[in-house]
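Student: I would like the atomic coordinates for the input below:
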Amino acid sequence: MMTDYTSGFGFWEWLMLSFAVIVLFLIIPFAILDTLKSKYLSSGQKFLWILFILIAPYLGAVIYLFWGRKQKAL
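Tutor: Numbers count the residues shown, from 1 in each chain. Below is the predicted model of the structure:
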């Protein structure tokens, strides 16, 4: 008797899971490193952006990449 360990996942479920893992390992570290290297953000702003990225990884990274990178230090 063979047991199916895929938990009923089909092609689309595996595709979405693979995409989520790729995002986790590529976009989130890139956003954190980009935050650290930013010349326009103060230390406090960098800390808050990194905290936001770590608390809400996907949302935080996407918001930083589209909005935070263009932000200038006050």
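
Student: ok, the most centrally placed residue in the chain to L51 distance?
Tutor: What sits nearest the mean C-alpha location of the chain, by C-alpha atoms, centre = their mean, is I28, with 3.0 Å. Separation of I28 from L51 (C-beta to C-beta, to the nearest Å): 13 Å. Any C-beta I mention is one placed from the backbone N, CA and C, and that applies to glycine too.

Student: Which positions in the host helix or strand of F47 come out as buried?
Tutor: Using DSSP states H and E, F47 maps to helix 43-55. Buried positions in helix 43-55, judged by neighbour count with 16 or more other C-beta atoms under 10 Å: 45-46, 49-50, 52-53.

Student: do stretch 17-33 as well
Tutor: 27-28, 31-32.

Student: mind listing which of those are in strands?
Tutor: Per DSSP state E, strands hold no members of the buried residues of stretch 17-33.

Student: can you tell me which of those are in helices?
Tutor: Those of the buried residues of stretch 17-33 mapping onto helices are 27-28, 31-32, per DSSP state H.

Student: Return the distance of G8 relative to R69.
Tutor: G8 is 40 Å from R69, by C-beta to C-beta.

Student: now do Y58
Tutor: Distance of Y58 to R69, computed by C-beta to C-beta: 17 Å.
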